[in-house]
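> Provided below are the primary sequence and the corresponding predicted coordinates.
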Amino acid sequence: MRAYSELIAALLLYSVVGTVAFLGFCILRTRLPTLYSPRLQFAREKPPVLPSSLFGWVKPLLEINDEFIFKSAGMDALMQVVFCRTFLRVFLFCSLYGLIVLLPINAYGTDGIDGLDGLTMANIKKESKHMWAHFLSVYLFTGFTMWELRQVWLLFIKYRLLYFARDRPHLRTVFVKGLPRGTDNTALEKRFSEIYPDVIGVHTAQDVTSLTHLLAQRTKLMSDLAHVDAVCRGEEDGGGKPHALEMARGKASATTTTASDSLREPLLDDSQGPHADYATSATATATSSSAAGEVTRPTMRPKAWKRRVDAQEYLRRRLADTDSRYQTQLATVRAAPQYWPCGFVTFRTVRSATEAAQCNISSIPGCWITTAAPEPRDIVWPNLQFSKHMLAVRELLADTCVFFLVFFSMLEITFVASLSTLQELSKVLPFLRPLASSNSALSAVLQGVLPSLVLIIFMALTPIILRVIGHYRGIPSLSQNAQYVFNTFFMFQVVNVFLTSLVAGSAFQRLDDMINHPASIITLLGQSVPATGAFFTIYVMTQALTTSPLNLLNIVQLLFTWFLKRTARTPRERREAEDVGSNPYGEMLPRELLIVLVGFVYASVAPIILPFVVTYFAVASVSYRYNLLYVYRKEYETGGAFWPLIFGRAIIACIVYQLTLIGVLTLKVAPTQAGLLIPLPFLTGFFFYYCMNTYHMAVRFCPVGDAIKLRCFDATVNHSAYVQPELQPNALTSDDNDVTSPPAFECTSQEKTDEVPPPDSVRVES
């Protein structure tokens, strides 16, 4: 049983944390523009400049319309903003009925339960007529949610058609996997040209591992050389920074002799590093040398036993040697290519690409499988090397790792959830008993805050592990890996945060009952949900008051940027330190969906949770809108591919909510109300089936009727977007640019040429 003091203690603590984080962001927003508004400098479609006042930026931010978000941040960002906005409206509607009707009924029940549990359905006496109000709430909440989700589908179709109208290479390209061994570009082009006469480009992925290593070595040399050049120009003193160079003093003639001697040093082999045994000296020494008319040049020791040489000359020779070896290896790769079982085929028209992505090219199972191609910047090229048999093995190993991750996490979360009372906490941390017994406020904080806080910290580490597992699995693109993390992390949260917290005291016994008697799941939900309403109320409160404000402040990135800028050696590295990255859709969306699940399940059982759910989506709407428009760069664009996944999980949340109320009403001996709720899960499932087969299928691929209206590629243009970076003609030149240009928000060439027609030019038939 939770006391009101625990709720108040957690509310005060998290309110202070959230307020401090929000005020910190408002103060730092204009003082650190490279961290808190970098897209104002580098985005192709720059967002409007917000007022510099403390809180005056909020209203103009909320006034930015969907069309501009689509143009500036992309469709994935738009659908995340729409998702938060939709469920803000849904839970506002639920709050009106829940707080006005359901909460008083629960509070004035006749079972005599005190504390927070007295605000749940556990306080209602069996066979009470008041449970008709809870029965009605299920139909009201579900019906309003279905209406809102349908409106989002109509919006999705509108902007999905606008996305297809963009002139991007991946909309005219298909990804082909399962190629027979030895399939080269000629065989790939011949196979598709027999079916589609407008093939204008093919590329079969090749083994370019040796070239990748040489380019990585060259990039490191370029970075070291940029550092040396900065030292020579007096722009960098290397004061205490890693790999700093020793400044050798001497006359011009002496320096010339050193440089000429260094030219006689033999080149290092591949195993030798280009910057071994650097030393450091003070800036004052270099400054006094320059003032005295002496030439100051950095030196370095190629190996510990070798004498010092002129660093600039040595690195230039190493760079020239690397370029020479790269050209030699490139000629070898082109003369005797080793092909991987994947490739890309680019067509002149969107219509051919749309048809090819949905057709069976071969009757051999597992061969010549075509799908829509990801963007070139989205591809993880090393993962294209695996055959279908190797992918099957990797998928099995990855799934095994996920199983053990869920299993051992279940033990840990069960242990954390059991620490909800001071007695249990004192068993683990004995020193807390005298402290808490002498201070009632500290006791309330420990019982109300610590379990939820530990759970949140643990869940923050899980997506990182899942992202690594997805990469090992062999997923060919960053966006598909994010979708894998999305699916796995949502399942992980449902099992380990929701279900495990419900059955914390007897998890494995309950698990055995659910396996042997699946119908007992409804009874389990009916028994456990009312008893854990207080725990999840504090959990949602924690997320609502801290997560989104801390996402705005981004304190981890702030400290990380400060550290990297302190250790940066070149202007390029300092610019890289300011890169805040892209929005982690696979991590953030499942967190929001867990709040949707918990909000629905407890909307009727413990309506006290609803104000905190509304607060969560209200603050998240501001946080994500700002970060997506002003902070995060676009790492990829999927055209809203996450929305069907979001929709499916929202439907799951609704069905779990309905089953929970059926179980609660059954245990409260309200058979009429429970029986009348039985058709509702089936109606919700039918709504899911209808939307996926009506709305999603209409725009899963570009409709052929729209595709034939889109202009064609010029067949004379060299369409090499899907050639591996190591084989591009400008591979070495682009590497030079990478060392001297800002990396984070520069648009790719394909983004700069995008032409998005106005929304009025696309007609949506309802």
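Cool, got the structure. In this text, all values refer to a predicted model and were calculated from it rather than measured experimentally.

> so what's the spatially most central residue of the chain up against?
Nearest residue to the geometric centre of the chain (CA atoms, centre = their mean): Pro584, 1.5 Å. Going by CB atoms under 8 Å, 6 or more residues apart in numbering, Pro584 touches Pro463, Ala482. Bear in mind the C-beta positions are built from the backbone N, C-alpha and C, glycine included.

> separation between it and Ser479?
Distance from Pro584 to Ser479, counting by CB to CB, to the nearest Å: 12 Å.

> Backbone dihedrals for the residue nearest to the centre of the chain, both of them.
Dihedral pair for Pro584: phi -80, psi 80, per degrees, to the nearest 10.

> and the gap between it and Gln358?
Note on Pro584: its distance to Gln358, by CB to CB, is 30 Å.

> likewise Val58?
Val58 is 45 Å from Gln358, by CB to CB.

> Neighbour count: these two, which is higher?
Applying other CB atoms under 10 Å to Val58 and Gln358 shows that Val58 carries more neighbours, namely 16 against 12.

> So that one sits against Val622, correct?
Yes. Counting by CB atoms under 8 Å, Val622 is a contact partner of Val58 at 6.5 Å.

> quick one: low-confidence parts of this structure?
For the chain, applying pLDDT under 70 flags the ranges 1-4, 43, 109-115, 234-296, 413-456, 503-527, 711-719, 734-766.

> How are the strands of it distributed by residue range?
Using DSSP state E, the strands of the chain run over 173-177, 199-206, 246-250, 295-300, 309-310, 339-347, 369-372.

> closest one to His130 among those?
For His130, the closest of the strands of the chain is strand 369-372, at 53.1 Å, according to CB to CB.

> so what's Gln358 up against?
Thr370, Phe701.

> Tell me how far Leu610 lies from Leu119.
For Leu610, the distance to Leu119 (CB to CB) stands at 11 Å.

> before we move on, what about Gln329?
Gln329 is 70 Å from Leu119, by CB to CB.

> between these two, who's got more neighbours?
Comparing Gln329 with Leu119 by other CB under 10 Å, the one with more neighbours is Leu119, at 26 against 16.

> ok now do the residue nearest to that one when sequence neighbours are not counted, which residues does it touch?
Of all residues not flanking Leu119 in the chain, Ile608 sits nearest, at 4.9 Å (CB to CB, 6 or more residues apart in numbering). Counting by CB under 8 Å, 6+ apart, Ile608 touches Leu103, Leu116, Leu119, Gly533, Thr537.

> quick one: which of those residues is most hemmed in?
Highest neighbour count within the contacts of Ile608: Thr537, with 28 neighbours (other CB under 10 Å).

> and the residue lying closest to Lys71 once chain neighbours are set aside, what does it touch?
In this structure, Lys71 finds its nearest non-sequential neighbour in Glu45, 4.9 Å apart by CB to CB, 6+ apart. When contacts are counted by CB under 8 Å, 6+ apart, Glu45 touches Phe68, Lys71, Ser72.

> got it, and Val406?
With contact set as CB under 8 Å, 6+ apart, Val406 has these partners: Phe492, Val495, Asn496.

> for Ile595, same thing?
Taking CB under 8 Å, 6+ apart, one finds Val540, Gln543, Val613, Tyr616, Phe617 in contact with Ile595.

> Neighbour count says what about these? Which are buried?
Neighbour-count burial (16 or more other CB atoms under 10 Å) is assigned, among those, to Val540, Gln543, Val613, Tyr616, Phe617.

> Phi, psi for Lys46 please.
The phi/psi pair for Lys46 (degrees, to the nearest 10) reads phi -70, psi 140.

> Skip the chain neighbours and tell me the closest residue to it.
Excluding the flanking residues, the one nearest Lys46 by CB to CB, 6+ apart is Leu40, at 5.8 Å.

> Okay, the one you found and Val580: tell me how far apart.
Distance from Leu40 to Val580, by CB to CB: 13 Å.

> the more surrounded of these two?
Val580 (21 against 18).

> Is it correct that Gly182 is in contact with Tyr339?
Yes. Contact status for Gly182 versus Tyr339: in contact at 6.7 Å, counting by CB under 8 Å.
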